[in-house]
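Enquirer: Would you be able to build a 3D model of this:
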Amino acid sequence: MQTLEVRLDWGDQQTVVGSLAMRSGRVYFEYADAFRAAPLPISPFKLPVRPGVFEHTDREFAPVFGAFDDSLPDSWGLLLMDREFKRQGRSLATVSPLDRLAYIGTRGMGALTYHPSSAEAEGVGGDLDLAVLAREAERVLEGDAADVLPALSLAGGSPGGARPKVLVGVRDDGRMMAGTSELPPGYTHYLVKFGSRQDGPHAGSVEAAYAMMAAAAGLEVPRTRLFESAEGDRWFGAERFDRSGGSRLHMHSLGGLWHASHRVSSMDYEGLLRTTLALTSDQRQMEEAFRRMAFNVVAHNRDDHVKNFSFLMGPDGTWRLAPAYDLVFSEGPGRQHTMDVAGEAERPGDRHMLRVAETCGVDLRHAREVIGEVRESVDRWPQFAREAGVPQSSARQIRELLGRRVG
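Expert: Just a heads-up that it's a prediction; the model follows:
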């Protein structure tokens, strides 16, 4: 039987949460007695704190419980992880979900850590060069890299999402280091995205413009910046919201909370709002979720799946919405929103958003004000595009498509 100890690492203190075990292909979890005596709701819907052993049965969702699946990367990080296992001579057929969590060890997103971490989870130090990592990432995506640079394996092996990305620590003078662990004084945690062939050369600038537009629309967004190379490449970076100085916050995605897959349309926006209220017990947080729905509808962000909404919990056990992220112009699967708005995914408009507001208990006058504020911000797209350096041709194309939205 394979086992891992799960801890909550707040940065200045650690708490043993419980034990993960795998036997005969089945995954189990049990809370530690001390944790049950002073419980925290790390995953209240699927792993409520109580005595006894939980067996993971939602294997169509993921190989492990959602709370721990959120620690694992998606396609990009898994690609790097698989390369590392192959380099060690291991058959991927023998790599278990607990092996992957042990590989993540203490360097995953959020505050959950896994012990003992495997030897390959140990990192390398020194300064990083984003241009070198970006070129290496492109080689990996194209299948040309037989071996992966240790720095890319370390910095790029834990974040989620399909696009190549790295976790770095950035100093005011521009120096960088791998940002998967605690940083020295003067460094700030950032997640930096590299482009792919499907994104086009200006994806970073477009996402930077969208972040500015979202902030102007009243959404809570992390601090963002564009990192530039001497050759003119520009990469979008966002300050990590699961880190604050030396402290860590527990992070759980909407999909992980409900064991809902992000690969298919598995929830709607009413589910997002109701989950937000149930988890945070805060009407204002639900209204913030409504504002994000309005932005995604008006700004044509149809990549609105259940992993693109997350929640944060601190040591006091209080939950709140994580800042908005992955805000981009996106046509979505089949030119539809991944999460429907009152049953409408192809052409949702004000009436659909107001129906969600009414169903979930958001004041309709306030809902109309929010929609108006979002529209005013999106109408300023040309300004944000100029400030972010989006080429005029790309900015014009997006503006034309935004103009087709339904009122």
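
Enquirer: Could you list the low-confidence segments of this structure?
Expert: 119-126, 143-151, 153-162, 197-198, 404-407 (pLDDT under 70).

Enquirer: Would you state the helices of it in chain order?
Expert: 33-37, 66-69, 75-87, 97-104, 130-141, 150-156, 203-216, 254-258, 269-280, 283-298, 350-360, 364-378, 381-388, 392-402 (DSSP state H).

Enquirer: In a markdown table: those helices, plus distance to Leu47 and mean neighbour count.
Expert: Backbone N, C-alpha and C define where each C-beta goes, glycine included. Formatted as a markdown table, the helices of the chain follow (distance: least, C-beta to C-beta, whole Å; neighbours: other C-beta atoms under 10 Å):
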| stretch | distance to Leu47 | mean neighbour count |
| --- | --- | --- |
| helix 33-37 | 11 | 13 |
| helix 66-69 | 6 | 25 |
| helix 75-87 | 23 | 18 |
| helix 97-104 | 15 | 22 |
| helix 130-141 | 34 | 19 |
| helix 150-156 | 29 | 24 |
| helix 203-216 | 32 | 24 |
| helix 254-258 | 10 | 24 |
| helix 269-280 | 14 | 21 |
| helix 283-298 | 22 | 23 |
| helix 350-360 | 25 | 19 |
| helix 364-378 | 33 | 17 |
| helix 381-388 | 41 | 18 |
| helix 392-402 | 41 | 14 |
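
Enquirer: Nearest to Arg175, out of the ones you listed?
Expert: helix 130-141 (11.3 Å; C-beta to C-beta).

Enquirer: who does the closest one touch, helix- and strand-wise?
Expert: Applying 3 or more C-beta pairs under 8 Å, 6 or more residues apart in numbering; DSSP states H and E, one finds that helix 130-141 makes contact with helix 75-87, helix 150-156, strand 165-171.

Enquirer: returning to what we had before: in JSON lines, list the helices of the chain along with distance to Val166.
Expert: Listed next are the helices of the chain as JSON lines, based on distance: least, C-beta to C-beta, whole Å:
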{"stretch": "helix 33-37", "distance to Val166": "33"}
{"stretch": "helix 66-69", "distance to Val166": "21"}
{"stretch": "helix 75-87", "distance to Val166": "10"}
{"stretch": "helix 97-104", "distance to Val166": "15"}
{"stretch": "helix 130-141", "distance to Val166": "6"}
{"stretch": "helix 150-156", "distance to Val166": "4"}
{"stretch": "helix 203-216", "distance to Val166": "13"}
{"stretch": "helix 254-258", "distance to Val166": "22"}
{"stretch": "helix 269-280", "distance to Val166": "29"}
{"stretch": "helix 283-298", "distance to Val166": "26"}
{"stretch": "helix 350-360", "distance to Val166": "36"}
{"stretch": "helix 364-378", "distance to Val166": "30"}
{"stretch": "helix 381-388", "distance to Val166": "21"}
{"stretch": "helix 392-402", "distance to Val166": "24"}
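
Enquirer: Just tell me which of these ends up closest to Gly332.
Expert: helix 283-298 (9.7 Å).

Enquirer: Give me the distance from that closest one to the chain's centre.
Expert: 17 Å (C-alpha atoms, centre = their mean, to the nearest Å).

Enquirer: Please tabulate the helices and strands packed on helix 130-141 in CSV, including the columns distance to Asp69.
Expert: Below are the helices and strands packed on helix 130-141 laid out as CSV (distance: least, C-beta to C-beta, whole Å):
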stretch, distance to Asp69
helix 75-87, 12
helix 150-156, 19
strand 165-171, 18
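
Enquirer: All set now, cheers.
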